[in-house]
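K.L.:
next come a sequence and a model predicted from it.
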Amino acid sequence: MTSLTSADKREIGQHFVFGFHGHEISEDVKVLIRDYHVGNIILMKRNVQDVKQVHQLVQSLQQLAKESGHPRPLMIGIDQENALSTPQP
C-alpha cells in the first residue's frame, strides 16, 4: 500500500467541507485544519451569536489555517436555510 505524501494530503483536504457545533472552534475542527488540511468550513445557525462573535470566529479559523501552513485562506460559507420567510396571503 502506498502512503500519501504531505502534498497529497493537502490536496485531498481542500475537497472537504466541515461544520461544527458551538460558538468557538472545536478541537475536532482544529485537528481537521491543522493535521488533515481541510480547506473549507461551513457555519450554521448553531455557530452564530452576533456579528462580533462571528467576525472573531472567522478570524480565528483563518489564523489557525495560516499557522498550520495553508497556502490559501479557508473558504468559509454560511448556511442560510433558516431565513425568515414572507407570510403568504
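P.N.:
Here it is on my side, so go on.

K.L.:
could you use CA atoms for every contact and neighbour count after this?
P.N.:
Fine.

K.L.:
got the CA positions of stretch 27-43 in PDB?
P.N.:
Only the C-alpha atoms of stretch 27-43 are listed here, as PDB (Å, rounded to 0.1, in the frame of the first residue of the first chain):
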ATOM      1  CA  GLU A  27     -10.800  20.600  19.000                       C
ATOM      2  CA  ASP A  28     -12.000  18.400  16.200                       C
ATOM      3  CA  VAL A  29     -12.000  21.200  13.700                       C
ATOM      4  CA  LYS A  30      -8.600  22.300  14.900                       C
ATOM      5  CA  VAL A  31      -7.300  18.800  14.100                       C
ATOM      6  CA  LEU A  32      -9.000  18.800  10.700                       C
ATOM      7  CA  ILE A  33      -7.500  22.100   9.700                       C
ATOM      8  CA  ARG A  34      -4.100  21.500  11.200                       C
ATOM      9  CA  ASP A  35      -3.500  17.800  10.500                       C
ATOM     10  CA  TYR A  36      -5.800  17.000   7.600                       C
ATOM     11  CA  HIS A  37      -5.500  20.300   5.800                       C
ATOM     12  CA  VAL A  38      -9.300  20.800   5.400                       C
ATOM     13  CA  GLY A  39      -9.800  24.000   3.400                       C
ATOM     14  CA  ASN A  40     -13.500  24.600   3.700                       C
ATOM     15  CA  ILE A  41     -15.700  25.300   6.700                       C
ATOM     16  CA  ILE A  42     -19.400  25.900   6.800                       C
ATOM     17  CA  LEU A  43     -21.000  28.000   9.600                       C
END
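
K.L.:
buried residues, that stretch. List them.
P.N.:
For stretch 27-43, a neighbour-count test (16 or more other Cα atoms under 10 Å) marks 29-30, 33-34, 36-41, 43 as buried.

K.L.:
which of those residues fall in strands?
P.N.:
40-41, 43 (DSSP state E).

K.L.:
next, count neighbours for the nearest residue to Val29 once chain neighbours are set aside.
P.N.:
Computed as Cα to Cα, 6 or more residues apart in numbering, the closest residue to Val29 that is not its neighbour in sequence is Phe20, at 7.1 Å. A total of 17 residues lie near Phe20 under the criterion other Cα atoms under 10 Å.
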